[in-house]
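Colleague: Okay, sequence plus prediction incoming.
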Amino acid sequence: MRKKIVAANWKMNKTLQEAQALVKTILSGSGSNNEVTKIIIPPALFITELARLTKENPSFSIGAQNCYYAESGAFTGELSASAIASCGAKYLIIGHSERRQYFNETADQLKLKINLALKHKLIPIYCVGEKLNERQTNHYFTAVKNQIQEVLFHLPATDIEKIIIAYEPIWAIGTSLTATPEQAQEMHSFIRFAIMENYGADVSKKINILYGGSCNAKNAKELFACADVDGGLIGGASLVADEFLQIINSF
């Protein structure tokens, strides 16, 4: 059985005080629901404090939104994977479409980040997805497969099994658009098949694949009911405690 996962990508939102209050509300509202793995991914400044707040609840973990692709060095303003892990984070988003778009991250850089995350015992949440023109011209399978091959397929099976893949149709992020459950299932199934082609059926069945395109309390239940959708990478909806709790309870 694959894990059920709901990951909250807060992006560049919240002050420390707001983050503390939001996590406390989510913790108090989640009750004894330990069947779902909950990952809070705040701005990096808050990792240590939120790891402290959640340490008594084994179904909650903290993640980071990015790391640099070098182990250490004179890179002012950047964060290393080792530093992130030392602060209590267990997960690391790599390759989010906003990082690719606004910061011009390349496949070679993302591959290095994957390697560093694994070296420091962080679980990568690797994001893939197609742009609107790739969807409209029916090149979306090729675009997503290339993103997986270029960044992940150098890894041995024992490392691939540790990675979470998040499918984020770029045309649906931060918009009013959402992939239909049929579109989400089609792509998640395709991603699982791509893993199977390279690593075999046993490995592909273990990979968690999350949906990450404007998932919210209204559509989560239908999306999570799809056979190959193992949960969601949640953006804006994760910033509101009541809505995030509804998503957690959507399985």
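Modeller: Received it, and whenever you're ready, just let me know what you need. On a predicted model such as this, the values are computed, not experimentally measured, just so you know.
Colleague: hey, where'd the helices end up in the stretch 1-150 of the chain?
Modeller: 16-30, 47-54, 81-86, 97-103, 107-119, 132-136, 140-152 (DSSP state H, counting those that start in this stretch).
Colleague: any chance of the ones you listed in TSV, plus mean neighbour count?
Modeller: From N, CA and C alone the C-beta is placed, and that goes for glycine too. Shown next, in TSV, are these (neighbours: other CB atoms under 10 Å):
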stretch	mean neighbour count
helix 16-30	16
helix 47-54	18
helix 81-86	20
helix 97-103	16
helix 107-119	19
helix 132-136	15
helix 140-152	18
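Colleague: Quick one: closest of the ones you listed to S238.
Modeller: Of all the helices of the stretch 1-150 of the chain, it is helix 16-30 that lies closest to S238, at 8.9 Å by CB to CB.
Colleague: okay, that closest one in PDB with CA atoms only?
Modeller: Output of helix 16-30 as PDB, limited to C-alpha atoms (Å, rounded to 0.1, in the frame of the first residue of the first chain):
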ATOM      1  CA  LEU A  16       6.700  33.300  11.900                       C
ATOM      2  CA  GLN A  17       3.800  34.200  14.200                       C
ATOM      3  CA  GLU A  18       1.300  33.500  11.500                       C
ATOM      4  CA  ALA A  19       3.000  30.200  10.700                       C
ATOM      5  CA  GLN A  20       3.000  29.100  14.400                       C
ATOM      6  CA  ALA A  21      -0.700  29.900  14.700                       C
ATOM      7  CA  LEU A  22      -1.600  28.100  11.500                       C
ATOM      8  CA  VAL A  23       0.300  24.900  12.400                       C
ATOM      9  CA  LYS A  24      -1.200  24.900  15.900                       C
ATOM     10  CA  THR A  25      -4.700  25.100  14.400                       C
ATOM     11  CA  ILE A  26      -4.000  22.400  11.900                       C
ATOM     12  CA  LEU A  27      -2.600  20.100  14.600                       C
ATOM     13  CA  SER A  28      -5.500  20.600  16.900                       C
ATOM     14  CA  GLY A  29      -8.000  20.000  14.000                       C
ATOM     15  CA  SER A  30      -6.400  16.900  12.600                       C
END
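Colleague: quick one: contacts of it?
Modeller: The contact list for helix 16-30 (CB atoms under 8 Å, 6 or more residues apart in numbering) reads 10, 14, 38, 40, 42-43, 45-46, 49-50, 53-54, 57, 59-60, 239, 241-242, 244-245, 248.
Colleague: now with 7 Å?
Modeller: The contact list for helix 16-30 (CB atoms under 7 Å, 6 or more residues apart in numbering) reads 14, 38, 40, 42, 45-46, 49-50, 53-54, 57, 60, 241, 244-245, 248.
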